[in-house]
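1. Build the 3D model from these lines:
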Amino acid sequence: MTKTTILAAAPLLALALSIPAHAADSYGTVAPATSTAGRVIDVTPTTRYVNVANGETVTIRLGGDTFTWTVATRSNVDAVPLARVAPEGSPATSAVVYVGQSASYHNS
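-> I've put the predicted structure just below:
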């Protein structure tokens, strides 16, 4: 490899390293299978949206797949495409997850 080739590839490498390993990291984490979720949400091909609260842990049944997700979004994020948080290889869906504020963060 020549110095020119390395310099030409540097911007692409920098871009690749700046992309998160999985987009769900920006919206929370896929919880271990042993995690206890507060509720189970069934998503079918006709599901258009689901509602969750920030900080909530939910189990989502999507087709034959099931995953548990702990929602952790920034305060300015109120909607996330479900496909962005579903594990790789999950069935395709166009459902949107609407994220509401957690009751534990409301001022009294």
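2. any idea how far Asn76 lies from Ala53?
-> 16 Å (Cβ to Cβ, to the nearest Å). Where C-beta positions appear, they are placed from N, C-alpha and C, glycine not excepted.
3. Could you do Val80 as well?
-> For Val80 relative to Ala53 (Cβ to Cβ), the value is 13 Å.
4. neighbour count winner among these two?
-> Val80 (20 against 16; other Cβ atoms under 10 Å).
5. where does Ser26 land on pLDDT?
-> Ser26 carries a pLDDT value of 74.
6. again with the one 10 residues further on
-> The predicted local distance difference test score for Thr36 is 79.
7. Tyr105 now?
-> Tyr105 carries a pLDDT value of 54.
8. quick one on the thing from earlier: any shared contact partners between Val80 and Ala53?
-> Val99 (Cβ atoms under 8 Å, 6 or more residues apart in numbering).
9. Looks to me like Tyr98 is in a helix.
-> No - counting by DSSP: H, G, I helix; E, B strand; the rest coil, Tyr98 is not part of a helix but strand.
10. That one touches Val52, doesn't it?
-> Yes - Tyr98 is within contact range of Val52, at 7.4 Å (criterion: Cβ atoms under 8 Å).
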